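Novice: sequence unknown, structure follows:
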């Protein structure tokens, strides 16, 4: 627990908590304006909870509650970030913020408040998960394409440059790698996503089979075999089939269709994934050739290219960590080590081939 310290220090902390609660409540109310239906009600419920927490600090501060402290930088930034980058980005940030609540270790906060903050994190995780499902296919293609462009073209120009070839040759090789890789990534992503969607489509229930339900032999109940084939236990399949036949509610017979649609949402469109992969690969592959376009040569150009790619790898790793709710540092360092490690191997091989050729 946080030590009580001086009364003045405690009151400063209370005023900061009060400001944070007000900022978070305002954030949830603003986000709620961008939603309708259930999501709006959930966000307004979170805002009401923050208002209860706000009242706790007001009661402790008494008349001093009018002197509200300054909210933390993270709380102050969430609303403008939401306006700039969208709801999903802010939900991911807010999820992390709720998960780091100081109330667990503060004796002046109630156990109920600490529990609320943890549950708020899970509520936000659920709301963010809806956005992640819609974003998953495009994000995967974008991250994979961008990082593949960064690493593969860096490895290409470093490997070719290490052999001692002229800078102009290295530049032409890098441009060729950018074009070839972008086209290959776009085509490969289109075929991959299209094939996956077709496989899922083949697994969806046939609508024509639903029209046969009224004519099924109730005693034989072959409909149960359908549900057993979908993974239900024999007992559950029999029970579900009886319910469907009893009500002749054809929508219930198509349970698998909804999950298939959800899977399709997570995959994204083939054309969108292809275009995303093409553009992001090209963007990533362009960065390693910038020093050569600027006229740098030899080890200077290689060092600048490696440093630039390293910084971008750290940034993309941190963004993926943020959006996935994971550790920013861990994702960033992992991305850096994998990317530069692959490029370093190619560079060493280039040096060896250059020495042998000499």
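Specialist: That came through fine. Given the structure is predicted, the values throughout are model-derived calculations rather than measurements. Residues are numbered from 1 along each chain as shown.
Novice: distance check, residue 44 against residue 25.
Specialist: According to Cβ to Cβ, to the nearest Å, residue 44 stands 10 Å off from residue 25. Yep, even glycine has a C-beta here, placed from its N, CA and C like the rest.
Novice: list the helices and strands the helix or strand where residue 273 lies packs on?
Specialist: Using DSSP states H and E, residue 273 sits within helix 270-286. Of the remaining helices and strands, those touching helix 270-286 by 3 or more Cβ pairs under 8 Å, 6 or more residues apart in numbering; DSSP states H and E are helix 111-162, helix 167-203.
Novice: does anything pack onto the host helix or strand of residue 312? Which helices or strands?
Specialist: Mapping residue 312 onto the secondary structure by DSSP H and E places it in helix 298-324. For helix 298-324, the contact count by 3+ Cβ pairs under 8 Å, 6+ apart identifies helix 87-99, helix 111-162, helix 167-203, helix 290-293, helix 328-357 as packing neighbours.
Novice: again, only this time at 10 Å
Specialist: helix 87-99, helix 111-162, helix 167-203, helix 270-286, helix 290-293, helix 328-357 (3 or more Cβ pairs under 10 Å, 6 or more residues apart in numbering; DSSP states H and E).
Novice: least confident of the ones you listed, on average?
Specialist: Between the helices and strands packed on helix 298-324, the lowest average pLDDT goes to helix 87-99, which shows a mean of 65.
Novice: tell me the average confidence for the helix holding residue 312?
Specialist: On average, the pLDDT along helix 298-324 is 85.
Novice: and the angle for that helix with helix 328-357?
Specialist: Between the axes of helix 298-324 and helix 328-357, defined by axes from the mean of the first three to the mean of the last three Cα atoms, to 10 degrees, the angle is 150 degrees.
Novice: for helix 298-324, which residues meet the burial criterion?
Specialist: Residues of helix 298-324 classed as buried under the neighbour-count rule (16 or more other Cβ atoms under 10 Å) are 301-302, 304-306, 308-310, 312-314, 316-323.
Novice: hmm, back to that, and residue 44 and residue 25? Which one has more around it.
Specialist: residue 25 (20 against 17; other Cβ atoms under 10 Å).
Novice: the more buried one contacts residue 120, doesn't it?
Specialist: No - judged on Cβ atoms under 10 Å, residue 25 makes no contact with residue 120 at a distance of 11.2 Å.
Novice: what sits in contact with each of those two?
Specialist: With contacts defined as Cβ atoms under 10 Å, 6 or more residues apart in numbering, the residues adjacent to both residue 25 and residue 120 are 46, 49-50, 53.
Novice: count residues in the vicinity of residue 328, would you?
Specialist: A count of nearby residues for residue 328, using other Cβ under 10 Å, gives 16.
Novice: hmm, I typed the wrong one, I wanted residue 275.
Specialist: Counted with other Cβ under 10 Å, the neighbours of residue 275 add up to 17.
Novice: ok, it touching residue 193?
Specialist: No - contact status for residue 275 versus residue 193: not in contact, 11.2 Å apart, counting by Cβ under 10 Å.
Novice: so what's the nearest residue to residue 151 once chain neighbours are set aside up against?
Specialist: Here the nearest residue to residue 151 in space, its sequence neighbours aside, is residue 339; by Cβ to Cβ, 6 or more residues apart in numbering that works out to 4.5 Å. Contact criterion Cβ under 10 Å, 6+ apart gives 147-148, 150-152, 154-155, 284, 306, 309-310, 312-314, 316-317 as the residues in contact with residue 339.
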